[in-house]
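>>> Structure here, sequence nowhere to be found:
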Ligand SMILES: *Cc1c(COP(=O)(O)O)cnc(C)c1O
């Protein structure tokens, strides 16, 4: 049996989430906008799911916009605020060089539209520098978009400090909390954030659904036009089974967060212990303390990422390089590059990410295989 250690890419759907979704794939097909009984029933289910996701974030239900996932939530946040504030002479966005491509590529698109974007550098642990952010903020700045926790190396950004500074300067702050959701306690009432993105399939929900939380008095232009859904901020007939599944997944994720965290940390420790026992040479990429519990990015000097991944796959270990493998060629990670990793470490990095279905036992087994493969590939 293969061992799945790639939960930062996607997660299995929780059986209780499947149970919650099934009625909406079978009998309950109505359109939530219809005024008849078929529609009303579905409207109630969507409202309930909205409450579940809102509760998980300590948000008001009315402040959530369901989207097609984390990517759309990020696009909507960045483009929505930037274009809404442009009329007020604010045409500047600040982000970080280690963001997910959903934010980075959106920012590049904004540059094409004539906006000015600052990409903050990071230190060797992947954290932005507050003084650099402080210098970058000016009267033209509409939005700061910095992720909560990084999907490749797990590094947590100083979101409290970033938000406090942004607030002081009257600049809106968006955070991509896709990886943090379900792992870190997220409370939009106490966090100094204005917009926050989450995604269902990273928390054992179905794919193709996510949400953007938008605080009060945040100007936001929609990306899509065409209907009344989501208060006109995201028109289009709702992905009802997906939304219902997302709601249930959010509820479970919060109820089991403590256990989930502990287990992820235990898996992480086990992986490192076994590699140490086998005397494997490795380095840990990311921040030694401020990191998400479930993401462990390691470099194995002397090995090559792509060869490692292929060999591990043949041995039944599913892990990743962190950066997506587009069209069959593995690109060097923009995150590790931004962290200025030496070439040898840049080209031998592998991301392990833990979740449902992992335990100390199968992680130990996986670690022994990793040790064997690394030994084989680095022996000369
Ligand atoms: C997965 C991920 C996304 C994209 O979410 P989708 O629902 O897959 O579109 C965005 N940001 C981060 C940090 C992610 O890990």
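Thanks, I have it. From a predicted model like this one, the values you see are computed outputs, not experimental measurements.

>>> So which residues on this protein come close to the ligand?
Counting by C-beta under 6 Å from any ligand atom, the chain comes close to the ligand at 69-71, 74, 100, 102, 147, 151, 176, 178-179, 199, 201-202, 210. No exception for glycine: its C-beta is placed from N, CA and C like everyone else's.

>>> again, only this time at 8 Å
Where the chain comes near the ligand, counting by C-beta under 8 Å from any ligand atom, the residues are 8-10, 68-74, 99-100, 102-103, 147, 149-151, 176, 178-179, 197, 199-202, 207-210.

>>> Type out the ChimeraX command that picks the buried ones from those.
Those of these that count as buried under 16 or more other C-beta atoms under 10 Å are selected in ChimeraX with:
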select :8,9,68,69,70,71,72,73,74,99,100,102,103,147,149,150,151,176,178,179,197,199,200,201,202,207,208,209,210
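
>>> Sitting in helices, which of the residues of the chain next to the ligand do you find?
Among these, the ones falling in helices (DSSP state H) are 70-74, 102-103.

>>> Identify the residue of the stretch 51-200 of the chain closest to the ligand, quick one.
Closest contact between the stretch 51-200 of the chain and the ligand, by C-beta to the nearest ligand atom, is at residue 70 (2.4 Å).

>>> how near is that residue to residue 103?
Distance of residue 70 to residue 103, computed by C-beta to C-beta, to the nearest Å: 10 Å.

>>> shared neighbours of these two, which are they?
residue 176 (C-beta atoms under 8 Å, 6 or more residues apart in numbering).

>>> export the ones in helices among the residues of the chain next to the ligand to TSV and tack on distance to residue 89 and pLDDT?
Putting these into TSV (distance: C-beta to C-beta, whole Å; pLDDT from 0 to 100) gives the following:
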residue	distance to residue 89	pLDDT
70	30	98
71	29	98
72	28	98
73	26	98
74	24	98
102	27	98
103	23	98
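
>>> wait, doesn't residue 33 sit right on residue 228?
Yes. Assessed by C-beta atoms under 8 Å, residue 33 is found in contact with residue 228 at 7.0 Å.

>>> okay, now the domains of this structure?
3-11+257-378, 15-255 (automatic domain parsing).

>>> Kindly compare burial across these and name the winner.
domain 15-255 (a mean of 20; mean count of other C-beta atoms under 10 Å).

>>> First-to-last residue distance for that domain?
End-to-end distance of domain 15-255 (C-alpha to C-alpha, to the nearest Å): 15 Å.

>>> and that domain, how far from the chain's centre?
Between the centre of domain 15-255 and the centre of its chain there are 10 Å (C-alpha atoms, centre = their mean, to the nearest Å).

>>> Show the contacting residues for residue 232.
residue 222.

>>> Now the residue nearest to residue 278 when sequence neighbours are not counted, what are its backbone angles?
Excluding its sequence neighbours, the residue lying closest to residue 278 (C-beta to C-beta, 6 or more residues apart in numbering) is residue 371, at 3.6 Å. The phi and psi torsions at residue 371 (degrees, to the nearest 10) take the values phi -60, psi -40.
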